[in-house]
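Asks: Predicted model and sequence below, questions to follow.
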Amino acid sequence: MKRVVVLGSTGSIGTQTLDVLRQYTDRFQVVGLAARSNDELLRRQAAEHRVTETALVDRDGMDAVTRLATLAEADIVVVAVAGVIGLIPTIEAIKAGKQIALASKEVLVAAGEVVMPLVQRNGVVMTPIDSEHSALFQCLQGYRSDQIESLILTASGGPFRGRTRADLEQITVDQALDHPTWRMGGKITIDSATLMNKGLEMIEAKWLFGVEMNQVEVVVHPQSIIHSMVKFRDGSVLGQLGWPDMRLPIAYALLYPERLPNGMRPWNPVDTPNVTFERVDESTFQSLALAREAAAIGGTMPCAMNAANEEAANAFLRSEIRFLQIPEIVEKTMAAHITEPANLEAILAADESARRSSRSLMKALT
(Lines give C-alpha, C1' and ligand atoms only; values in the text may rest on other atoms or scores of the structure.)
Protein backbone atom coordinates (compact mmCIF):
# COMPACT_ATOMS: atom_id res chain seq x y z
CA MET A 1 0.00 0.00 0.00
CA LYS A 2 1.51 3.30 -1.16
CA ARG A 3 0.25 6.56 0.32
CA VAL A 4 -0.30 9.46 -2.06
CA VAL A 5 -0.53 13.24 -1.79
CA VAL A 6 -2.08 15.04 -4.76
CA LEU A 7 -1.14 18.69 -5.21
CA GLY A 8 -3.64 20.33 -7.56
CA SER A 9 -6.35 17.75 -6.89
CA THR A 10 -9.24 19.83 -8.27
CA GLY A 11 -7.64 20.57 -11.64
CA SER A 12 -7.78 18.47 -14.81
CA ILE A 13 -4.78 16.27 -13.98
CA GLY A 14 -5.66 16.10 -10.30
CA THR A 15 -9.20 14.87 -10.88
CA GLN A 16 -7.97 12.30 -13.41
CA THR A 17 -5.34 11.16 -10.91
CA LEU A 18 -8.11 10.46 -8.41
CA ASP A 19 -9.99 8.57 -11.16
CA VAL A 20 -6.95 6.32 -11.55
CA LEU A 21 -6.51 5.86 -7.80
CA ARG A 22 -10.12 4.71 -7.51
CA GLN A 23 -9.18 1.70 -9.67
CA TYR A 24 -6.39 0.60 -7.36
CA THR A 25 -7.71 0.98 -3.83
CA ASP A 26 -5.78 -2.14 -2.84
CA ARG A 27 -2.55 -0.43 -3.89
CA PHE A 28 -2.93 3.23 -2.96
CA GLN A 29 -4.29 5.33 -0.13
CA VAL A 30 -4.80 9.08 -0.56
CA VAL A 31 -3.42 10.88 2.50
CA GLY A 32 -3.27 14.51 1.35
CA LEU A 33 -5.05 16.83 -1.10
CA ALA A 34 -4.24 20.41 -2.06
CA ALA A 35 -5.98 22.85 -4.40
CA ARG A 36 -5.73 26.52 -5.29
CA SER A 37 -9.26 27.82 -4.72
CA ASN A 38 -11.98 25.21 -5.34
CA ASP A 39 -12.92 24.61 -1.72
CA GLU A 40 -16.21 22.85 -2.49
CA LEU A 41 -14.65 20.20 -4.74
CA LEU A 42 -11.70 19.77 -2.38
CA ARG A 43 -14.12 19.02 0.47
CA ARG A 44 -15.97 16.42 -1.63
CA GLN A 45 -12.70 14.75 -2.63
CA ALA A 46 -11.49 14.66 0.95
CA ALA A 47 -14.78 13.13 2.12
CA GLU A 48 -14.75 10.45 -0.59
CA HIS A 49 -11.14 9.44 0.04
CA ARG A 50 -11.33 9.90 3.81
CA VAL A 51 -8.52 12.43 3.78
CA THR A 52 -7.98 14.64 6.82
CA GLU A 53 -4.93 16.52 5.53
CA THR A 54 -5.94 19.20 3.01
CA ALA A 55 -4.73 22.64 1.95
CA LEU A 56 -6.26 25.45 -0.07
CA VAL A 57 -3.72 27.93 -1.42
CA ASP A 58 -6.10 30.90 -1.38
CA ARG A 59 -7.02 30.22 2.24
CA ASP A 60 -4.00 28.53 3.84
CA GLY A 61 -1.06 29.73 1.72
CA MET A 62 1.75 27.82 0.03
CA ASP A 63 3.36 26.78 3.32
CA ALA A 64 0.38 24.51 3.92
CA VAL A 65 0.86 22.92 0.50
CA THR A 66 4.55 22.36 1.22
CA ARG A 67 3.64 20.75 4.54
CA LEU A 68 1.43 18.26 2.68
CA ALA A 69 4.23 17.53 0.22
CA THR A 70 6.47 16.46 3.10
CA LEU A 71 3.97 14.47 5.17
CA ALA A 72 5.85 11.72 6.98
CA GLU A 73 3.28 9.11 5.97
CA ALA A 74 3.37 9.99 2.25
CA ASP A 75 5.25 7.83 -0.27
CA ILE A 76 4.30 9.54 -3.55
CA VAL A 77 3.63 13.21 -4.24
CA VAL A 78 1.71 14.01 -7.42
CA VAL A 79 2.63 17.55 -8.50
CA ALA A 80 -0.24 18.71 -10.69
CA VAL A 81 -0.51 22.40 -9.79
CA ALA A 82 -0.53 24.83 -12.69
CA GLY A 83 2.61 26.92 -13.02
CA VAL A 84 5.81 27.50 -11.12
CA ILE A 85 4.08 27.57 -7.71
CA GLY A 86 4.74 23.84 -7.58
CA LEU A 87 8.50 24.40 -7.37
CA ILE A 88 9.00 24.78 -3.60
CA PRO A 89 6.70 21.89 -2.63
CA THR A 90 8.48 19.68 -5.19
CA ILE A 91 11.92 20.58 -3.87
CA GLU A 92 10.89 19.95 -0.27
CA ALA A 93 9.23 16.64 -1.20
CA ILE A 94 12.46 15.55 -2.91
CA LYS A 95 14.48 16.48 0.15
CA ALA A 96 12.05 14.42 2.22
CA GLY A 97 12.71 11.39 0.00
CA LYS A 98 9.29 11.21 -1.68
CA GLN A 99 8.68 9.69 -5.09
CA ILE A 100 7.60 12.51 -7.41
CA ALA A 101 4.97 12.02 -10.10
CA LEU A 102 5.43 15.26 -12.02
CA ALA A 103 2.77 16.88 -14.18
CA SER A 104 3.82 20.52 -13.68
CA LYS A 105 6.35 20.95 -16.47
CA GLU A 106 7.14 24.47 -15.26
CA VAL A 107 9.04 23.00 -12.28
CA LEU A 108 11.82 21.69 -14.53
CA VAL A 109 11.57 24.51 -17.05
CA ALA A 110 12.22 27.13 -14.37
CA ALA A 111 14.57 25.14 -12.15
CA GLY A 112 15.75 21.93 -13.80
CA GLU A 113 19.33 22.93 -13.05
CA VAL A 114 18.46 22.91 -9.34
CA VAL A 115 15.85 20.14 -9.17
CA MET A 116 17.54 17.30 -11.06
CA PRO A 117 20.76 17.32 -8.98
CA LEU A 118 18.52 17.15 -5.89
CA VAL A 119 16.72 14.13 -7.36
CA GLN A 120 20.05 12.39 -7.90
CA ARG A 121 21.52 13.30 -4.52
CA ASN A 122 18.45 12.14 -2.64
CA GLY A 123 18.03 8.97 -4.68
CA VAL A 124 14.34 9.58 -5.36
CA VAL A 125 12.32 8.42 -8.33
CA MET A 126 10.75 11.10 -10.54
CA THR A 127 8.18 9.76 -12.98
CA PRO A 128 6.71 12.14 -15.60
CA ILE A 129 2.97 12.46 -16.08
CA ASP A 130 2.98 14.59 -19.25
CA SER A 131 1.91 12.19 -22.01
CA GLU A 132 4.95 13.11 -24.13
CA HIS A 133 7.49 12.62 -21.38
CA SER A 134 5.76 9.49 -20.15
CA ALA A 135 6.07 8.11 -23.68
CA LEU A 136 9.80 8.93 -23.76
CA PHE A 137 10.27 7.50 -20.26
CA GLN A 138 8.59 4.24 -21.32
CA CYS A 139 10.58 3.97 -24.56
CA LEU A 140 13.88 4.55 -22.74
CA GLN A 141 13.50 1.74 -20.21
CA GLY A 142 16.59 -0.45 -20.53
CA TYR A 143 18.56 2.03 -22.65
CA ARG A 144 21.45 4.37 -21.82
CA SER A 145 21.48 8.08 -22.56
CA ASP A 146 24.55 7.70 -24.79
CA GLN A 147 22.48 5.51 -27.13
CA ILE A 148 20.01 8.33 -27.85
CA GLU A 149 20.25 10.20 -31.13
CA SER A 150 17.23 12.41 -30.49
CA LEU A 151 13.93 12.67 -28.67
CA ILE A 152 10.91 13.42 -30.87
CA LEU A 153 8.03 15.18 -29.12
CA THR A 154 4.73 14.99 -30.95
CA ALA A 155 2.29 17.90 -31.06
CA SER A 156 -1.34 17.84 -32.12
CA GLY A 157 -0.78 21.26 -33.67
CA GLY A 158 -3.48 22.74 -31.47
CA PRO A 159 -6.66 24.38 -32.75
CA PHE A 160 -4.79 26.62 -35.22
CA ARG A 161 -2.76 24.08 -37.17
CA GLY A 162 -2.36 25.30 -40.74
CA ARG A 163 -3.30 28.90 -39.94
CA THR A 164 -1.12 31.88 -40.90
CA ARG A 165 -0.17 34.78 -38.64
CA ALA A 166 -2.78 36.89 -40.44
CA ASP A 167 -5.41 34.27 -39.56
CA LEU A 168 -4.48 34.55 -35.88
CA GLU A 169 -4.87 38.32 -35.56
CA GLN A 170 -8.45 38.21 -34.24
CA ILE A 171 -8.51 34.86 -32.43
CA THR A 172 -10.94 34.70 -29.52
CA VAL A 173 -10.47 32.96 -26.17
CA ASP A 174 -13.18 30.42 -26.99
CA GLN A 175 -11.46 29.54 -30.26
CA ALA A 176 -8.13 29.06 -28.50
CA LEU A 177 -9.72 26.81 -25.87
CA ASP A 178 -11.25 24.51 -28.50
CA HIS A 179 -8.48 21.88 -28.57
CA PRO A 180 -8.99 19.20 -31.25
CA THR A 181 -7.96 16.13 -29.22
CA TRP A 182 -7.24 16.86 -25.55
CA ARG A 183 -9.36 18.30 -22.74
CA MET A 184 -7.14 20.26 -20.35
CA GLY A 185 -7.12 23.27 -18.05
CA GLY A 186 -7.33 26.80 -19.49
CA LYS A 187 -3.69 27.87 -19.25
CA ILE A 188 -2.22 24.67 -20.69
CA THR A 189 -4.79 24.74 -23.51
CA ILE A 190 -3.63 28.25 -24.44
CA ASP A 191 -0.04 26.98 -24.33
CA SER A 192 -1.08 24.27 -26.76
CA ALA A 193 -2.62 26.86 -29.07
CA THR A 194 0.59 28.96 -29.13
CA LEU A 195 2.76 25.78 -29.13
CA MET A 196 4.53 27.13 -26.03
CA ASN A 197 3.61 23.83 -24.41
CA LYS A 198 6.09 22.17 -26.80
CA GLY A 199 8.73 24.76 -26.00
CA LEU A 200 8.32 24.02 -22.30
CA GLU A 201 8.33 20.28 -22.98
CA MET A 202 11.59 20.55 -24.91
CA ILE A 203 13.31 22.09 -21.88
CA GLU A 204 11.67 19.58 -19.53
CA ALA A 205 12.90 16.70 -21.71
CA LYS A 206 16.45 18.07 -21.64
CA TRP A 207 16.49 17.85 -17.84
CA LEU A 208 14.52 14.65 -17.40
CA PHE A 209 16.56 12.61 -19.85
CA GLY A 210 19.98 14.27 -19.71
CA VAL A 211 20.16 15.34 -23.35
CA GLU A 212 21.06 18.59 -25.11
CA MET A 213 18.43 20.87 -26.60
CA ASN A 214 19.65 20.11 -30.13
CA GLN A 215 18.67 16.48 -29.47
CA VAL A 216 15.01 17.39 -28.84
CA GLU A 217 12.76 17.66 -31.89
CA VAL A 218 9.08 18.50 -32.33
CA VAL A 219 6.82 17.13 -35.07
CA VAL A 220 3.11 17.77 -35.62
CA HIS A 221 1.01 14.61 -35.36
CA PRO A 222 -2.67 15.63 -35.57
CA GLN A 223 -4.15 12.31 -34.48
CA SER A 224 -2.37 12.38 -31.07
CA ILE A 225 -1.92 8.60 -31.11
CA ILE A 226 1.89 8.44 -31.03
CA HIS A 227 2.71 10.36 -27.87
CA SER A 228 6.44 10.72 -28.55
CA MET A 229 9.37 8.78 -29.99
CA VAL A 230 13.03 8.05 -29.34
CA LYS A 231 15.49 7.86 -32.23
CA PHE A 232 18.53 5.78 -31.33
CA ARG A 233 22.03 6.06 -32.78
CA ASP A 234 21.58 2.86 -34.82
CA GLY A 235 18.65 4.44 -36.64
CA SER A 236 15.91 2.58 -34.78
CA VAL A 237 12.90 4.59 -33.60
CA LEU A 238 10.65 3.54 -30.72
CA GLY A 239 7.32 5.21 -29.98
CA GLN A 240 4.54 4.82 -27.43
CA LEU A 241 1.01 4.69 -28.82
CA GLY A 242 -2.42 4.99 -27.26
CA TRP A 243 -5.61 7.03 -27.20
CA PRO A 244 -5.25 10.65 -26.01
CA ASP A 245 -6.25 9.86 -22.42
CA MET A 246 -4.17 11.31 -19.59
CA ARG A 247 -5.19 8.51 -17.24
CA LEU A 248 -2.77 6.12 -18.94
CA PRO A 249 0.42 8.14 -18.26
CA ILE A 250 -0.89 8.94 -14.78
CA ALA A 251 -1.32 5.24 -14.04
CA TYR A 252 2.15 4.46 -15.37
CA ALA A 253 3.70 7.21 -13.24
CA LEU A 254 2.01 5.90 -10.10
CA LEU A 255 2.49 2.17 -10.70
CA TYR A 256 5.99 2.28 -12.21
CA PRO A 257 7.64 -0.11 -12.87
CA GLU A 258 4.51 -2.27 -12.90
CA ARG A 259 1.78 -2.39 -15.53
CA LEU A 260 -1.65 -3.47 -14.32
CA PRO A 261 -5.01 -3.93 -16.06
CA ASN A 262 -7.31 -0.91 -16.05
CA GLY A 263 -10.68 0.15 -17.33
CA MET A 264 -9.36 2.24 -20.23
CA ARG A 265 -10.14 1.39 -23.85
CA PRO A 266 -7.05 -0.11 -25.51
CA TRP A 267 -5.92 1.40 -28.80
CA ASN A 268 -6.37 -0.70 -31.95
CA PRO A 269 -4.30 0.10 -35.09
CA VAL A 270 -7.24 -0.40 -37.46
CA ASP A 271 -9.19 2.32 -35.65
CA THR A 272 -6.70 4.98 -36.82
CA PRO A 273 -5.26 3.72 -40.13
CA ASN A 274 -4.18 7.18 -41.28
CA VAL A 275 -1.40 8.38 -38.97
CA THR A 276 0.30 11.49 -40.32
CA PHE A 277 3.12 13.90 -39.48
CA GLU A 278 3.93 17.49 -40.44
CA ARG A 279 6.70 19.97 -39.79
CA VAL A 280 6.01 22.72 -37.26
CA ASP A 281 5.36 26.12 -38.87
CA GLU A 282 7.85 28.06 -36.77
CA SER A 283 7.34 31.26 -38.75
CA THR A 284 3.77 31.38 -37.42
CA PHE A 285 4.37 29.78 -34.03
CA GLN A 286 7.44 31.42 -32.46
CA SER A 287 7.40 29.72 -29.07
CA LEU A 288 9.80 26.90 -29.97
CA ALA A 289 12.47 29.41 -30.98
CA LEU A 290 11.96 31.32 -27.73
CA ALA A 291 12.37 28.11 -25.72
CA ARG A 292 15.57 27.18 -27.57
CA GLU A 293 16.95 30.67 -26.94
CA ALA A 294 16.07 30.52 -23.24
CA ALA A 295 17.69 27.10 -22.85
CA ALA A 296 20.81 28.20 -24.74
CA ILE A 297 21.23 31.20 -22.43
CA GLY A 298 20.48 29.05 -19.39
CA GLY A 299 20.67 30.28 -15.80
CA THR A 300 17.51 32.14 -14.86
CA MET A 301 16.41 32.83 -18.45
CA PRO A 302 14.11 29.77 -18.79
CA CYS A 303 12.42 30.82 -15.54
CA ALA A 304 11.89 34.35 -16.89
CA MET A 305 10.47 32.95 -20.14
CA ASN A 306 8.08 30.70 -18.24
CA ALA A 307 6.94 33.48 -15.90
CA ALA A 308 6.25 35.84 -18.79
CA ASN A 309 4.32 33.15 -20.61
CA GLU A 310 2.19 32.39 -17.55
CA GLU A 311 1.32 36.07 -17.15
CA ALA A 312 0.61 36.59 -20.85
CA ALA A 313 -1.44 33.40 -21.30
CA ASN A 314 -3.58 34.22 -18.28
CA ALA A 315 -4.01 37.81 -19.50
CA PHE A 316 -5.26 36.47 -22.82
CA LEU A 317 -7.70 34.20 -20.97
CA ARG A 318 -9.02 37.37 -19.30
CA SER A 319 -9.28 39.01 -22.78
CA GLU A 320 -6.76 41.68 -21.77
CA ILE A 321 -4.36 41.07 -24.69
CA ARG A 322 -4.61 39.54 -28.17
CA PHE A 323 -3.49 36.02 -29.01
CA LEU A 324 -0.41 37.04 -31.01
CA GLN A 325 0.70 39.33 -28.21
CA ILE A 326 1.44 36.33 -25.97
CA PRO A 327 4.78 35.42 -27.65
CA GLU A 328 5.49 39.13 -28.15
CA ILE A 329 5.29 39.72 -24.38
CA VAL A 330 7.49 36.67 -23.72
CA GLU A 331 10.12 37.82 -26.21
CA LYS A 332 10.24 41.37 -24.83
CA THR A 333 10.42 40.13 -21.24
CA MET A 334 13.32 37.84 -22.15
CA ALA A 335 15.12 40.71 -23.87
CA ALA A 336 14.85 42.82 -20.71
CA HIS A 337 15.88 40.04 -18.34
CA ILE A 338 19.38 40.08 -16.82
CA THR A 339 20.35 36.42 -16.52
CA GLU A 340 21.87 35.16 -13.28
CA PRO A 341 23.36 31.74 -12.47
CA ALA A 342 20.64 29.29 -11.45
CA ASN A 343 20.12 28.75 -7.74
CA LEU A 344 16.83 28.70 -5.87
CA GLU A 345 17.07 32.28 -4.60
CA ALA A 346 17.96 33.64 -8.05
CA ILE A 347 15.19 31.60 -9.71
CA LEU A 348 12.52 32.89 -7.34
CA ALA A 349 13.75 36.46 -7.83
CA ALA A 350 13.77 36.02 -11.62
CA ASP A 351 10.23 34.67 -11.55
CA GLU A 352 8.98 37.70 -9.63
CA SER A 353 10.96 40.17 -11.75
CA ALA A 354 9.80 38.68 -15.05
CA ARG A 355 6.18 38.79 -13.92
CA ARG A 356 6.49 42.48 -13.05
CA SER A 357 8.17 43.18 -16.37
CA SER A 358 5.56 41.32 -18.40
CA ARG A 359 2.66 42.96 -16.55
CA SER A 360 4.22 46.36 -17.22
CA LEU A 361 4.57 45.53 -20.90
CA MET A 362 0.94 44.41 -21.09
CA LYS A 363 -0.27 47.50 -19.29
CA ALA A 364 1.49 49.63 -21.90
CA LEU A 365 -0.46 47.83 -24.62
CA THR A 366 -3.86 48.85 -23.22
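Replies: Arrived safely, thanks for sending.
Asks: Please list the outside residues in contact with the one helix or strand His133 maps to.
Replies: Per DSSP states H and E: His133 is located in helix 131-139. With contact meaning Cβ atoms under 8 Å, 6 or more residues apart in numbering, helix 131-139 is reached by 105, 127-128, 151, 153-154, 201, 204-205, 208-209, 226-230, 238-240, 244, 246, 248-249, 252-253. C-beta: built from backbone N, CA, C; applies to glycine.
Asks: Can you give me the buried ones in the helix or strand where Leu108 lies?
Replies: Here Leu108 sits within helix 106-122, counting by DSSP H and E. By neighbour count on 16 or more other Cβ atoms under 10 Å, the buried set for helix 106-122 is 106-116, 118-119.
Asks: which one of these sits closest to Ser360?
Replies: Relative to Ser360, the closest of those is Ala110; by Cβ to Cβ it sits at 20.3 Å.
Asks: Nearest spatial neighbour of the closest one, chain-adjacent residues omitted?
Replies: Nearest non-adjacent residue to Ala110, counting by Cβ to Cβ, 6 or more residues apart in numbering: Cys303, 3.9 Å away.
Asks: Let's verify the one you found: helix, strand, or coil?
Replies: Cys303 falls in the helix class when you classify it by DSSP: H, G, I helix; E, B strand; the rest coil.
Asks: Now for the residue nearest to the spatial centre of the chain: which residues touch it?
Replies: Ranked by distance to the mean C-alpha position of the chain (Cα atoms, centre = their mean), the top residue is Lys105 at 3.0 Å. Residues near Lys105 by Cβ under 8 Å, 6+ apart: Asp130, His133, Asn197, Leu200, Glu201, Glu204.
Asks: Ala289: neighbour count?
Replies: 14 (other Cβ atoms under 10 Å).
Asks: The residue nearest to Tyr143 when sequence neighbours are not counted pairs with what?
Replies: Distance criterion Cβ to Cβ, 6+ apart; nearest residue to Tyr143, sequence neighbours excluded, is Phe232 at 7.2 Å. For Phe232, the beta-bridge partners are Ile148 (DSSP bridges).
Asks: now the helices for the stretch 251-366 of the chain?
Replies: If DSSP state H, counting those that start in this stretch is used as the criterion, the helices of the stretch 251-366 of the chain fall at 287-297, 301-317, 325-336, 344-365.
Asks: between those helices, which gets nearest to Thr52?
Replies: Checking the helices of the stretch 251-366 of the chain against Thr52 by Cβ to Cβ gives helix 344-365 as the closest, at 30.7 Å.
Asks: Go ahead and confirm His227 touches Gln240.
Replies: Yes: counting by Cβ atoms under 8 Å, Gln240 is a contact partner of His227 at 5.2 Å.
Asks: Neighbour count: the two, which is higher?
Replies: His227 (25 against 22).
Asks: Which stretches in the stretch 1-150 of the chain count as strands?
Replies: Under the criterion DSSP state E, counting those that start in this stretch, the stretch 1-150 of the chain contains strands at 2-7, 28-35, 54-56, 76-79, 99-102, 126-128, 148-155.
Asks: which helices and strands sit right next to the fifth one?
Replies: If you count contacts as 3 or more Cβ pairs under 8 Å, 6 or more residues apart in numbering; DSSP states H and E, strand 99-102 packs onto strand 76-79, helix 87-95, strand 126-128, helix 247-255.
Asks: Contacts for it, please.
Replies: Residues from elsewhere that reach strand 99-102 (Cβ under 8 Å, 6+ apart): 75-79, 90, 93-94, 108, 119, 124-130, 250, 253-254.
Asks: And the average pLDDT for that strand is what?
Replies: The pLDDT scores in strand 99-102 average 98.
Asks: next one: the fourth one
Replies: Averaged across strand 76-79, the pLDDT comes to 98.
Asks: Show residues contacting it.
Replies: 2-8, 13-14, 17, 28, 69, 86, 89-90, 93, 98-104, 107, 129, 253-254.
Asks: One more pass at 6 Å, please.
Replies: Applying Cβ atoms under 6 Å, 6 or more residues apart in numbering, the set of residues contacting strand 76-79 from outside is 2, 4-7, 17, 69, 86, 90, 93, 98-102, 104.
Asks: and the residues you listed, which are buried?
Replies: Among the contacts of strand 76-79, those buried by neighbour count (16+ other Cβ under 10 Å) are 4-7, 17, 69, 86, 90, 93, 98-102, 104.
Asks: related to what we said a few turns ago, of all the helices and strands packed on strand 99-102, which one is nearest Glu352?
Replies: Of all the helices and strands packed on strand 99-102, it is helix 87-95 that lies closest to Glu352, at 12.4 Å by Cβ to Cβ.
Asks: so what does the closest one touch, helix or strand wise?
Replies: helix 62-69, helix 106-122 (3 or more Cβ pairs under 6 Å, 6 or more residues apart in numbering; DSSP states H and E).
Asks: Thanks a lot, catch you later.
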